[in-house]
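Colleague: Whatever this is, show me its structure:
(one chain, ligands or ions: 1)
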Amino acid sequence: MARCVEMCETCVAGLETLDDRLRRLYGVPRRRREDPLDALVATILSQNTNDANSGRAFRALKEAFPDWDAVRHADAAALEAALRPGGLARVKARRIQKLLGALADRGGLTLDSLRPLSVEEAEAELLRFDGVGLKTARCVLLFALGKPAFPIDTHIERVLKRMGVLPEGVSTEQAHRLATDAVPEGRHLSLHLNLIAHGRQVCHARRPDCPRCGLRDLCCFYARTQGSERPS
Ligand code: SF4
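Modeller: Next comes the predicted model:
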């Protein structure tokens with residue numbers, strides 16, 4: 001079992017090595033250019049569903065309404081109907097209209113004011129919206145604003161805990177805090193996307209496919225289950 005109680009220097013330095021290895025396995029991802037408000041709504045729609053369903057809901061939303069102001073003033077039933085492919089349509093419809101209302105109260109249906117802010121400032125602004133947690137906020141910062149933020153989803157948390165990079169007992173919120181200073185510059189996007197790919201394709205929640213994993217020599221879980229020492 002990993003004995004860390006915080007991210008140690010070895011683990012932090014190891015993130016660069018881990019990213020290099022993941023890039024060899026899964027490639028070097030490129031950032032998609034997205035409007036930050038589109039990205040925030042899309043991320044809200046992705047909560048508790050898969051990428052295909054949330055993508056369908058987002059496209060349906062864009063087809064049904066000409067702009068965010070129309071979504072803001074939409075009849076609840078019409079909005080829920082558009083969001084139905086993504087699940088939890090009622091909750092998400094309310095959340096999106098509340099978000100748009102809050103933005104309108106602050107002066108406009110845009111998140112462009114976040115662009116010049118530091119990561120910490122922009123994250124704090126996003127966390128002020130109801131229903132926006134650390135993962136959602138950091139997805140917007142990383143994907144739409146190109147800032148060095150590291151969102152941690154269930155796959156990333158599982159893989160990093162098994163590998164011994166994250167202490168096993170930490171909460172998702174603590175994991176986000178630990179990752180804030182730990183991810184090396186220029187590695188946030190590729191580490192995020194490639195760890196998700198690894199969690200989906202190899203390091204499954206129930207039965208990690210260790211025999212075909214290209215990260216075995218870096219992994220505490222593997223060392224432990226094979227009776228070896230913690231990898232250096
Ligand atoms: Fe996951 Fe096993 Fe690979 Fe470790 S060796 S990262 S537990 S699949």
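Colleague: On the three-state scheme, R32 is what?
Modeller: coil (DSSP: H, G, I helix; E, B strand; the rest coil).
Colleague: burial count for it?
Modeller: 8 (other C-beta atoms under 10 Å). For glycine as for every other residue, the C-beta is placed from the backbone atoms N, C-alpha and C.
Colleague: how far does the helix or strand where L191 lies sit from the chain's center?
Modeller: Using DSSP states H and E, L191 sits within helix 188-201. The chain centroid and the centroid of helix 188-201 are separated by 10 Å under C-alpha atoms, centre = their mean, to the nearest Å.
Colleague: which helices and strands sit right next to that helix?
Modeller: helix 9-26, helix 154-163 (3 or more C-beta pairs under 8 Å, 6 or more residues apart in numbering; DSSP states H and E).
Colleague: any idea how far the most centrally placed residue in the chain is from C210?
Modeller: By C-alpha atoms, centre = their mean, the chain has its centre lying nearest to P151, at 3.8 Å. Distance of P151 to C210, computed by C-beta to C-beta, to the nearest Å: 26 Å.
Colleague: show me where the protein has helices.
Modeller: Under the criterion DSSP state H, the chain contains helices at 9-26, 36-45, 51-64, 68-72, 76-83, 89-105, 119-127, 134-139, 154-163, 172-182, 188-201, 220-225.
Colleague: Which elements pack onto the second one?
Modeller: Where contact means 3+ C-beta pairs under 8 Å, 6+ apart, helix 36-45 is packed against helix 51-64, helix 89-105, helix 134-139.
Colleague: Which residues does the first one contact?
Modeller: Around helix 51-64, the neighbours that count as contacts under C-beta atoms under 8 Å, 6 or more residues apart in numbering are 41-42, 45-46, 49, 71, 78-79, 81-87, 89, 92.
Colleague: follow-up on the earlier one: just put the helices and strands packed on helix 36-45 in CSV and tack on mean pLDDT.
Modeller: Shown next, in CSV, are those (pLDDT from 0 to 100):
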stretch, mean pLDDT
helix 51-64, 93
helix 89-105, 94
helix 134-139, 94
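Colleague: Adding mean neighbour count as columns, could you present those helices in CSV?
Modeller: Shown next, in CSV, are those (neighbours: other C-beta atoms under 10 Å):
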stretch, mean neighbour count
helix 51-64, 16
helix 89-105, 17
helix 134-139, 22
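Colleague: With distance to the ligand added, can I get those helices in a markdown table?
Modeller: Below are these laid out as a markdown table (distance: least, C-beta to the nearest ligand atom, whole Å):
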| stretch | distance to the ligand |
| --- | --- |
| helix 51-64 | 21 |
| helix 89-105 | 32 |
| helix 134-139 | 21 |
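Colleague: Looking at those, which is nearest to V119?
Modeller: Closest approach to V119 among the helices and strands packed on helix 36-45 is made by helix 134-139 (8.6 Å; C-beta to C-beta).
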